[in-house]
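Asker: Just the structure for this:
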Amino acid sequence: MNPSTILLIVGVGFSMAVLASCFVSVQQGTIAVITVFGKYSRIMGPGLNFKIPLIEVVYKKISTQNRSLELEFQATTIDQANVYFKAMLLFSVLDQNEETIKNVAFKFIDERNLMQALIRTIEGSIRGFVSTKKQAEVLSLRSEIVEDVKDQIDVTLEKWGYHLMDLQLNDITFDESIMKSMSQVVASHNLKAAAENEGQALLITKTKAAEAEGNAIKIAAEAERQAAQLRGQGVALFREEVAKGMTSAAREMKQANLDSSIIMFTMWTEAIKHFAENGSGNVIFLDGSADGMQKTMHQMMGMGKILDTKE
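Answerer: Numbering: from 1, shown residues only. Prediction:
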C-alpha cells in the first residue's frame, strides 16, 4: 500500500470521527451543559443535538428528574434530651431555565460537595428548631418541623438551582432511658384509664343491681300490702256474713219461740266435729264433766242474750 492511500484512509477516518463528534445524544430528563474552551456556552435539551467538533465540549449532563436522599442525624432539645432522626429528602432541579441550569452546573465542584452541603443545611435547620423545644413536644411537632425546614432552606436551594419537594421524618427516637421512661408513663396512663373504666363499670353494675333490688322490694312490698288488704277484706267479709247469718238465724228462732242459744250450741258441736274430722294429729282437750257442760251452756245462753239485745 502506497503512502497516498494510507493518507487517504487516515483522512477519511479522521473526517468520520469529526463528523460523529458533531452529534450529541441527550437522554430524556437530562440537560447537557456545553462549554467552549472551559467557558459556559449553552445548554442542550433531550434528543439529538449538533455541536461544533473540537471546540464545544459537553461539560456536564444534569438530570432534571426527582432525586431522593436518606438522612440520619441527632439533635438536642432545650431540656438536653438527645433526639435521633431518620428522614427522607425529595428534591429536584428547580426548572430548565438557562440560569437555573448554570447554577446547578457551576455552584458546586462535584456531586459529593452538593450532597454534603444539602445534608448539613437540612440537619442544621432541624437542629435549630429542635433546640428551642422540649422533649415532650418533639413527637407532636413533626409537621411543624418539616414546614420550618422548608421555609428556611427553600431560598438557599433556589440559589443553587434546586427545589425541596418533600421532607419526611420517618422515625424520631430518644435515648433508651428516655424511651423506657416514656413507655412507663404511657403504661401508667393506660392502667389508670383501665382502672377508671373498670370502676365506672363496677359502679354502674352495682347501681343497676341496687335499683333492681329496690324495685323488687317495692314490688314485693306492694304485692304483700295488696295481699294483706285482700286477706283483711276477706276476713271482714267472712265475719260480716257470719254475723248476718247468726242474726237471721236468731230472728227465725225467736219467731219460732225457741231459745237462740241453740244456735250457739249447734255451732259449737259443728266446730268440734270439724276439728275431729280435719285435725292432723293435734290434740283437743274438752271438759266432758257435767259442770263443764253446764258452764258451756251458760256461756252459749249468755251469747244468745247478747244477740237478742242487738236485735
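
Asker: what sits against residue 61?
Answerer: Neighbouring residues of residue 61 by CB atoms under 8 Å, 6 or more residues apart in numbering: 26, 27, 30, 31, 32, 33. Yep, even glycine has a C-beta here, placed from its N, CA and C like the rest.

Asker: three-state assignment of it?
Answerer: strand (DSSP: H, G, I helix; E, B strand; the rest coil).

Asker: ditto for residue 65
Answerer: Per three-state DSSP, residue 65 ends up coil.

Asker: now residue 70
Answerer: Assignment for residue 70 (three-state DSSP): strand.

Asker: follow-up on the earlier one: which of the contacts of residue 61 sit farthest apart?
Answerer: Between any two of the contacts of residue 61, the greatest separation by CB to CB is 14.2 Å, found for 27 and 33.

Asker: Could you chop the protein up by domain?
Answerer: By the assignment in automatic domain parsing, the chain contains the domains 15-63, 67-174, 181-248, 259-311.

Asker: In JSON lines: those, plus distance to residue 3 and mean pLDDT.
Answerer: Formatted as JSON lines, the domains of the chain follow (distance: least, CB to CB, whole Å; pLDDT from 0 to 100):
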{"stretch": "domain 15-63", "distance to residue 3": "18", "mean pLDDT": "85"}
{"stretch": "domain 67-174", "distance to residue 3": "46", "mean pLDDT": "87"}
{"stretch": "domain 181-248", "distance to residue 3": "88", "mean pLDDT": "79"}
{"stretch": "domain 259-311", "distance to residue 3": "157", "mean pLDDT": "64"}
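
Asker: looking at those, which is closest to residue 4?
Answerer: domain 15-63 (16.2 Å).

Asker: circling back to that earlier point, comparing residue 27 and residue 33, which residue is more hemmed in?
Answerer: residue 33 (21 against 10; other CB atoms under 10 Å).

Asker: which strands and helices sit next to the helix or strand containing that one?
Answerer: If you go by DSSP states H and E, residue 33 is part of strand 30-36. With contacts taken as 3 or more CB pairs under 8 Å, 6 or more residues apart in numbering; DSSP states H and E, strand 30-36 sits against strand 39-44, strand 56-63, helix 98-106.

Asker: Ok, which of the ones you listed comes nearest residue 232?
Answerer: strand 56-63 (106.0 Å).

Asker: Given the closest one, what are its sheet partners and their directions?
Answerer: Using DSSP bridges, strand 56-63 pairs in its sheet with strand 30-36 (antiparallel).

Asker: thinking again about what came up before, looking at the helices and strands packed on strand 30-36, which is nearest to residue 154?
Answerer: Nearest to residue 154, of the helices and strands packed on strand 30-36 and by CB to CB, is helix 98-106 at 14.1 Å.

Asker: Tell me what angle the helix or strand that that closest one is followed by forms with helix 98-106.
Answerer: Later in the chain than helix 98-106, the nearest helix or strand by DSSP H and E is helix 111-130. Angle between the axes of helix 111-130 and helix 98-106 is 100 degrees (criterion: axes from the mean of the first three to the mean of the last three CA atoms, to 10 degrees).

Asker: what comes up buried for helix 111-130?
Answerer: Across helix 111-130, burial judged by 16 or more other CB atoms under 10 Å covers 114, 118, 119, 121, 122, 123, 125, 126, 129, 130.

Asker: Residue 89 is in contact with the second one, correct?
Answerer: Yes. Contact criterion CB atoms under 8 Å: residue 118 and residue 89 qualify, at 7.4 Å.

Asker: and for these two, which residues touch both?
Answerer: Here residue 118 and residue 89 share the contacting residues residue 69, scored by CB under 8 Å, 6+ apart.
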